[in-house]
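Asker: Dropping a prediction and its sequence here:
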Amino acid sequence: MANTKNNNKKPKERTNKENKKNASKALNRSRSGIVSAKKKAASTRKNMPKKTSKLKIIPLGGLGEIGKNMTVFEYENDIILVDCGMGFPDVDMYGIDVVIPDITYLKENISKVRGIVITHGHEDHIGAIPYIISEIDVPIYGTALTNAIIELKLEERDLLKNTQIFTKKAGDHIHLGCFDIELIHVNHSISDAVALAISTPIGVVVHTGDFKIDVSPINSEMIDLTRFGELGKQGVLALLSDSTNVEKAGHTDSERKVGDGFEKLFYGCTKRIIVTTFASNVDRIQQIINAAVKYKRKVAVTGRSMENIIKAATELGYMSVPAGTLVELNQISNIPSHRLCIISTGSQGESMSALYRMAFLQSPSDRY
Ligand SMILES: [Zn+2]
């Protein structure tokens, strides 16, 4: 995708003829910006080691679609992967529960694959790990909360004991083959999300992962914009960044605004409240719990994945749930409706989810 070939051309010799001189004056003025940009790029390239190989950046999913995020970075004999997410089936994929990236290319080049670096713990970035790790046995690198969620997934399928998982934090570097990967703190709807500055033999690629610029995040510091600025000054070979709704003008509200929305809905409500979200949306779940506590509701959680994630996030300090707030599902029939909130998986209408079964009352035990 990029090479170090110097395309700078020699400036053409000037003519002494007056008419050509005048005509070229205006042209030179408009070119001056381009020339200085070229000089700058050439001087940046001069500082880099001379390499002739190309860096390949291959998206195996996540481009032009929601979910299934997985990107290959390949340089000579080294390959690293960024993220390993699942996608949801289209309406015409009957009988399909989960869509995962096609990893044929990785299996064919398995001797080059050095590891998978994960940006954050959302399903569309980690959901394919249990399916793929049994086919390509490579180490996984992520932050504490991300790894805790990955470990729960692997444990469910008895894959944890055979998988190497390394926990890093924002600011750390990971060395994999010819790549040096620096983790950079970003804001997102889940804590412990990172962007990556991937140093390759021909320059630095910045891969932002999912992020937002949140001046009042729920459970962490603001995004490390200073580090992005420093990288920009040093020179970046490529920036890989996308954002849902990027076409819309303006900016995304702070995650805290979502909490304000919950509070408005909870205020004055006399009925039972059921809220659905992704199990891995830790900061959202925290805000639902906050609203429930504020309006004196007990919280019951349905869906094993959500129960597990709340437990792991609480143990690691990424969530705080006041004692006595959570109740078991088998206790909820004793709690008045206006004192209860149920948090459920199934926000995408998955047919196996608790919300779906609640909606269609498929068994007497689903009659919460
Ligand atoms: Zn995400």
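Answerer: Perfect, thanks for sending it. Numbers count the residues shown, from 1 in each chain.

Asker: backbone phi and psi for L225, please?
Answerer: phi -70, psi -30 (degrees, to the nearest 10).

Asker: how much space between the closest residue to H338 other than its chain neighbours and the ion?
Answerer: Excluding its sequence neighbours, the residue lying closest to H338 (C-beta to C-beta, 6 or more residues apart in numbering) is T270, at 4.8 Å. C-beta coordinates here come from the backbone N, C-alpha and C atoms, glycine included. Applying C-beta to the ion, to the nearest Å, the value for T270 to the ion is 35 Å.

Asker: can you check G303 too?
Answerer: To the ion, G303 is 19 Å away according to C-beta to the ion.

Asker: Report how many residues lie close to F73.
Answerer: Neighbours of F73 under the rule other C-beta atoms under 10 Å: 27.

Asker: What helix or strand is it located in?
Answerer: Secondary structure from DSSP states H and E places F73 in strand 70-75.

Asker: on contacts alone, who are the packing partners of that strand?
Answerer: Using 3 or more C-beta pairs under 8 Å, 6 or more residues apart in numbering; DSSP states H and E, the elements in contact with strand 70-75 are strand 55-61, strand 78-82, strand 194-200.

Asker: Mind doing that once more with 10 Å?
Answerer: Applying 3 or more C-beta pairs under 10 Å, 6 or more residues apart in numbering; DSSP states H and E, one finds that strand 70-75 contacts strand 55-61, strand 78-82, helix 104-108, strand 113-117, strand 179-185, strand 194-200, strand 203-207.

Asker: Model confidence score at the residue of the stretch 1-150 of the chain found nearest the ion, please.
Answerer: For the stretch 1-150 of the chain, the residue closest to the ion is H122, as judged by C-beta to the ion, at 3.6 Å. Listed pLDDT for H122 reads 89.

Asker: thinking it is in contact with N281, fair?
Answerer: Yes. Counting by C-beta atoms under 10 Å, H122 does reach N281; the two are 7.6 Å apart.

Asker: what residues are shared contacts of those two?
Answerer: Residues touching both H122 and N281 by C-beta atoms under 10 Å, 6 or more residues apart in numbering: H188, S189, I190.

Asker: Where do the helices of the chain begin and end?
Answerer: Along the chain, the stretches classed as helices by DSSP state H are 18-46, 104-108, 123-126, 129-132, 144-156, 225-234, 255-266, 282-294, 304-316, 354-360.

Asker: Buried deepest among those helices, which one?
Answerer: Counting by mean count of other C-beta atoms under 10 Å, helix 123-126 has the highest mean neighbour count of those, with a mean of 25.

Asker: by contact count, what packs against that helix?
Answerer: Short answer (3+ C-beta pairs under 10 Å, 6+ apart): helix 123-126 packs on strand 140-142, helix 144-156.

Asker: Hmm, L340 and K271 touching each other?
Answerer: Yes. At 9.4 Å, K271 counts as touching L340 under the criterion of C-beta under 10 Å.

Asker: So which residues on the chain come close to the ion?
Answerer: H122, D210 (C-beta under 5 Å from the ion).

Asker: From the recorded domain assignment, give the ranges for the chain.
Answerer: Split into domains by automatic domain parsing, the chain comes to 55-240, 255-366.

Asker: Would you tell me which one of the ones you listed is buried the most?
Answerer: It is domain 55-240: most buried of the domains of the chain by mean count of other C-beta under 10 Å, with a mean of 19.

Asker: quick one: that one to chain centroid distance?
Answerer: Here the centre of domain 55-240 is set off from its chain's centre by 7 Å, with C-alpha atoms, centre = their mean, to the nearest Å.

Asker: And for stretch 328-337?
Answerer: From the chain centre to the centre of stretch 328-337 is a distance of 36 Å (C-alpha atoms, centre = their mean).

Asker: Quick one: residues in contact with it.
Answerer: For stretch 328-337, the external contacting residues (C-beta under 10 Å, 6+ apart) are 269-273, 297-302, 307, 327, 339-342, 354, 365, 367-368.

Asker: mind checking the end-to-end distance for that stretch?
Answerer: With C-alpha to C-alpha, to the nearest Å as the measure, stretch 328-337 spans 15 Å from end to end.
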